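1. Sequence and predicted structure are below.
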Amino acid sequence: MPQSHLVSLSRREREIMDIIYQRGRASVAEVMADLPDPPSYSAVRALLRILEAKGHLKHIRQGPRYVYRPTRRRRSAGRAALRRVLRTFYDDSIHKAMAALLDVSDSRLSDEDLDRIARLIEQARKEES
């Protein structure tokens with residue numbers, strides 16, 4: 001899916017995609033239940049159809065209702081979202097983004113968390129060699 005499609009999501013479309021990624025799949029009623037200040041049922045249906053037309057969702061019929069699920073895996077969509085955040089807010093700089101993440105952490109990182117981060121850095125060094 002081209003990244004231009006990812007950028008073209010409205011706030012509501014992004015909220016809906018977040019809900020569907022969290023649930024794995026969802027009906028219109030389930031999306032409405034999770035949306036803050038949801039619009040009408042027909043408006044949510046229309047947004048789901050738009051997301052389907054844009055290639056972000058597909059549906060299956062379960063009895064009288066449609067159930068929507070993402071066309072991309074959560075991990076793939078997450079990586080694309082991180083690339084957008086890096087480009088938009090951190091000048092494509094991973095070290096600036098990591099510094100920001102460490103700076104805004106509400107809690108102190110555990111030794112286990114620091115060890116995991118160190119292992120990831122070491123793995124990235126080996127892959128670069």
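-> That came in fine, so what should we check first? Residues are numbered from 1 along each chain as shown.

2. Using the three-state scheme, assign residue 69.
-> strand (DSSP: H, G, I helix; E, B strand; the rest coil).

3. got a list of contacts for stretch 26-34?
-> By CB atoms under 8 Å, 6 or more residues apart in numbering, the surrounding residues in contact with stretch 26-34 are 16, 19-20, 22-23, 38, 41, 44-45, 48, 62, 65-69. C-betas here are computed from N, CA, C, even on glycine.

4. do stretch 16-23 as well
-> 9, 26, 30-31, 34-35, 44, 47-48, 51, 56-57, 68-70, 74, 77.

5. Restricted to helices, list those.
-> In helices, defined here by DSSP state H, the members of the contacts of stretch 16-23 are 30-31, 34, 44, 47-48, 51, 74, 77.

6. quick one: pLDDT of the most centrally placed residue in the chain?
-> Nearest to the centroid of the C-alpha atoms of the chain, with distances taken as CA atoms, centre = their mean, sits residue 78, at 4.8 Å. Among the per-residue scores, residue 78 holds a pLDDT of 78.

7. Same check on residue 107?
-> In this prediction residue 107 is given a pLDDT of 67.

8. Most neighbours among the ones in helices among the contacts of stretch 16-23, which one is it?
-> residue 51 (24 neighbours; other CB atoms under 10 Å).

9. What's the local residue count around the closest residue in space to that one that isn't next to it in sequence?
-> Distances taken as CB to CB, 6 or more residues apart in numbering place residue 57 nearest to residue 51, at 4.6 Å, with adjacent residues excluded. Neighbourhood size, residue 57 [other CB under 10 Å]: 24.
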